[in-house]
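>>> Just a sequence and a predicted model for now, questions to come.
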Amino acid sequence: MLSFDSSPTVYWFLAYTLVIVVLGLNLKNRIPNALFLLAAVGLLVMMRLPTIVFNRELNADESQMLSHALTLYLDPIYWRSVDGTTIGPLDNYLLVVPRLLGFQLDYTAARSMGLLCTAGSLMFFFVALRCWFSTTIAKIILLVPLLFYAFTQETDFVNYTSEQLPLLLLNACLTLVAILHTNKTVSTIPAYMLGFLAGMVPFTKLQAVPQAAILVLAGLFITYQYYQKTKRFKPLLVLLLGGISFPAMAMVWISYHGVYQDFINFYILGNVVYASGAGLRDIPTQLGQLIITSPDFTALLFIATLVLIAGLISGRRSQPPHPVREQSLFLPLLILGYGLAAIYAATKTGHLFVHYLNFCVYPIALTFAFPVQRLSQHKYLTFLVPALILGWFGVQDALSFYKTRQLNTLVSVGATTLPESPVVKALKAYTNPNDQMVVWGWQCSYYVEAQLAQGTAENHTERCIFQHPLRDVYRERFINDLRRTQPAVFIDAVGKNSLWVQDVKSQGYENFPALADYVSDHYSYLGAFDSSRLYVRKDRVPTRSHPKEVGR
């Protein structure tokens, strides 16, 4: 496996050279669309390879979703075998694909799927821009998200996140809105697909629903206007039909498998509890705190502000966005509404997770379009946007190399295969590939390292530990799942290795009496391994003396 660490200077030099060459050719209109897009995807893949081959957890969500995928491969009924909490089922089913193709479900596989989603998002975004603006402007604006996602080394933007699949769907919906808006005749196929894809979004991540709703409202406006002019209602009708198609199929599937109440309790109500952290008044403060947490996003926002000011003072634009809709306020209002919905999605939960800012990258890129169009009368000024973004990352990389003598933040030498924690090494003597295990606390990487499915729907137990309105419901399901799956291994990871839950005295599994009794009755204690307590089902342990648990 390549490490991409032996010659980082040459590697980065090639990347910057590729961007500059593409910019130069595009300036002279000497690069065909297909070649431009091929170069864009090539740059994205090349710059993300160091992260992909770094087979270590970058964000706890990666291990959470990989654990879900390992479980869904064994038992594919979501909300019975897997509860993704705020993450929808489609994000987790997507990660099953590498396993179906014969690959190991590890961090490399997950980031490869995320890279495919990002590449697809960029392609859809380019098509939408071409519908609304000239091809030249579309190429320039595409460089905004492309350069950001290619050159950033902030982990929240390069690991596999639950935002990548919904962003792919949102950009596909944006393209369909652009097609409906710019075609003289409103076709039923893009109208239906807009509704259908938007209907999938709630099953990827509920946070993305506000942006999907804005795009659906835009589609409804277009098809209703078309109905008023032509008295043809079919596009409007099929858009509505498309919007209910996927949710209807999902509800039939949910009801058939008897997980309807779980869907309500653990996805709908669970998300309500999770997203109750911030009110509308808190959004500006929350947004400010999120932005300053990410230097690269802060730079992108600052550059957008500069370009917007330059566009405003440059005079009238030299060409309309599209000859069919040149006088319409539709597009500016759509961009405004889409951007506000993205801000709401990123901030409403009240949690300062930088990866939520993924929802804002493409709306920011859209805001570049009008000022860049105004600047297009000054040919070389149109490249102010990519030049500033590339300059920011160039300075960052130069400073990094000056301080550390390396350009890659993530050094993959010796880190291209899955690691094994001490407790994982110990449990392997007692497990088979199709076994299940349970981790009490929050250390989902154990599932990935052991390549074992989870024995309870929720693979991190903070909702069983912290006090909240649904805690008893979560605990009841946890015990019922244990009785149903009878996992071979139980690990209490509460302590130094557990995210957020580290107080052994108040958060260890003994504080849940029903669980303590079940573990005592069915499992043998094999000892603590790097502060994680290992219990193996009694029928898997040879009859011999075992260490008594004496606390940690």
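Right, received. Where do you want to start? Numbers count the residues shown, from 1 in each chain.
>>> Could you list the low-pLDDT ranges of the stretch 301-450 of the chain?
In the predicted model of the stretch 301-450 of the chain, residues 314-327, 376-382, 405 satisfy pLDDT under 70.
>>> all helices of it, in order?
330-347, 358-375, 384-404, 422-427, 445-450 (DSSP state H, counting those that start in this stretch).
>>> Of those helices, which is nearest residue 143?
With C-beta to C-beta, the closest approach to residue 143 among the helices of the stretch 301-450 of the chain belongs to helix 384-404: 4.2 Å. C-beta coordinates here come from the backbone N, C-alpha and C atoms, glycine included.
>>> which helices and strands does that closest one pack with?
If you count contacts as 3 or more C-beta pairs under 8 Å, 6 or more residues apart in numbering; DSSP states H and E, helix 384-404 packs onto helix 8-27, helix 135-151, helix 295-312, helix 358-375.
>>> buried ones in that helix?
By neighbour count on 16 or more other C-beta atoms under 10 Å, the buried set for helix 384-404 is 384-390, 392-393, 396-397, 400.
>>> of these, closest to residue 182?
Nearest to residue 182, judged by C-beta to C-beta, of the buried residues of helix 384-404 is residue 385 at 23.0 Å.
>>> Report the contact partners of the nearest residue to residue 469 once chain neighbours are set aside.
In space, and not counting its chain neighbours, residue 469 is closest to residue 273: 6.5 Å by C-beta to C-beta, 6 or more residues apart in numbering. Contacts for residue 273 (C-beta atoms under 8 Å, 6 or more residues apart in numbering) come out as 468-470.
>>> Distance check, residue 273 against residue 65.
20 Å (C-beta to C-beta, to the nearest Å).
>>> Equivalent analysis for residue 344, please.
Remark: distance between residue 344 and residue 65 (C-beta to C-beta) = 24 Å.
>>> quick one: the strands in the stretch 101-250 of the chain?
Here the stretch 101-250 of the chain has no strands by DSSP state E, counting those that start in this stretch.
>>> picking that back up, would you format the helices of the stretch 301-450 of the chain as TSV with distance to residue 180 included?
Conversion of those to TSV gives the following (distance: least, C-beta to C-beta, whole Å):
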stretch	distance to residue 180
helix 330-347	11
helix 358-375	17
helix 384-404	27
helix 422-427	51
helix 445-450	42
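>>> for those helices, which one sits closest to residue 153?
When these are compared (using C-beta to C-beta), the closest one is helix 384-404, at 8.1 Å.
>>> Extract the C-alpha trace of the closest one and format it as CSV.
Taking Å, rounded to 0.1, in the frame of the first residue of the first chain, the C-alpha atoms of helix 384-404 are listed here in CSV:
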residue,chain,number,x,y,z
LEU,A,384,-9.4,36.1,-8.3
VAL,A,385,-11.4,33.4,-6.6
PRO,A,386,-9.3,30.3,-7.3
ALA,A,387,-6.1,32.3,-7.0
LEU,A,388,-7.0,33.4,-3.5
ILE,A,389,-8.1,30.0,-2.4
LEU,A,390,-5.0,28.3,-3.9
GLY,A,391,-2.9,31.0,-2.3
TRP,A,392,-4.4,30.3,1.2
PHE,A,393,-3.6,26.6,1.0
GLY,A,394,-0.2,27.3,-0.5
VAL,A,395,0.8,29.5,2.4
GLN,A,396,-0.6,26.9,4.9
ASP,A,397,1.4,24.1,3.2
ALA,A,398,4.6,26.2,3.1
LEU,A,399,4.3,27.1,6.8
SER,A,400,3.6,23.5,7.6
PHE,A,401,6.7,22.3,5.7
TYR,A,402,8.9,25.0,7.3
LYS,A,403,7.8,23.9,10.8
THR,A,404,7.6,20.1,10.5
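>>> chain center to that helix, what's the gap?
Put simply, helix 384-404 sits 25 Å off its chain's centre (C-alpha atoms, centre = their mean, to the nearest Å).
>>> from what I can see residue 48 touches residue 158, true?
Yes - using C-beta atoms under 8 Å, residue 48 is in contact with residue 158, at 6.5 Å.
>>> Look at these two and report which has more neighbours.
Taking other C-beta atoms under 10 Å, residue 48 and residue 158 do not tie; residue 158 has more neighbours (26 against 21).
>>> Might you list the low-confidence residue ranges for the stretch 151-300 of the chain?
Residue ranges of the stretch 151-300 of the chain with pLDDT under 70: 275-280.
>>> if you skip the residues just before and after it, what's nearest to residue 108?
Nearest non-adjacent residue to residue 108 (C-beta to C-beta, 6+ apart): residue 55, at 5.1 Å.
>>> what do you get for residue 161?
residue 355 (4.6 Å).
>>> My guess is residue 331 contacts residue 132. True?
Yes - using C-beta under 8 Å, residue 331 makes contact with residue 132 at a distance of 6.0 Å.
>>> Counting neighbours, go ahead and name the busier of these two.
Per other C-beta under 10 Å, whichever of residue 331 and residue 132 has more neighbours is residue 132, with 24 against 21.
>>> Per-residue pLDDT of that one, please?
For residue 132, the model assigns a pLDDT of 92.
>>> So for stretch 46-55, what gets flagged as buried?
Buried positions in stretch 46-55, judged by neighbour count with 16+ other C-beta under 10 Å: 47-55.
>>> now stretch 525-535
By neighbour count on 16+ other C-beta under 10 Å, the buried set for stretch 525-535 is 525-526, 528-529, 531-535.
>>> Among these, name the least confidently predicted one.
Checking pLDDT across the buried residues of stretch 525-535, the minimum falls on residue 531 at 87.
>>> now the helices for the stretch 51-200 of the chain?
60-74, 89-94, 96-100, 107-132, 135-151, 155-158, 164-182, 188-200.
>>> Most tightly packed of those?
Per-stretch averages of neighbours, counted by mean count of other C-beta atoms under 10 Å, single out helix 164-182 among the helices of the stretch 51-200 of the chain, with a mean of 26.
>>> by how many degrees do that helix and helix 330-347 diverge?
For helix 164-182 against helix 330-347, the angle by axes from the mean of the first three to the mean of the last three C-alpha atoms, to 10 degrees is 170 degrees.
>>> Which elements pack onto helix 164-182?
Partner elements for helix 164-182 (3+ C-beta pairs under 8 Å, 6+ apart): helix 89-94, helix 107-132, helix 188-200, helix 209-230, helix 330-347, helix 358-375.
>>> again, only this time at 6 Å
Under the contact definition 3 or more C-beta pairs under 6 Å, 6 or more residues apart in numbering; DSSP states H and E, helix 164-182 sits against helix 107-132, helix 188-200, helix 209-230.
>>> sec struct for residue 500, please.
What DSSP: H, G, I helix; E, B strand; the rest coil gives for residue 500 is coil.
>>> how close does it get to residue 419?
22 Å.
>>> ok, now residue 146?
Applying C-beta to C-beta, the value for residue 146 to residue 419 is 32 Å.
>>> One more: residue 238?
For residue 238, the distance to residue 419 - C-beta to C-beta - is 51 Å.
>>> So which of the two has more stuff around it?
residue 238 (22 against 13).
>>> ok, so what distance separates the closest residue to that one other than its chain neighbours from residue 342?
In space, residue 238 comes closest to residue 192 once its chain neighbours are excluded; the distance is 4.3 Å by C-beta to C-beta, 6+ apart. Look at residue 192 and residue 342: by C-beta to C-beta, they are 25 Å apart.
>>> Equivalent analysis for residue 130, please.
In this view, residue 130 and residue 342 are 22 Å apart by C-beta to C-beta.
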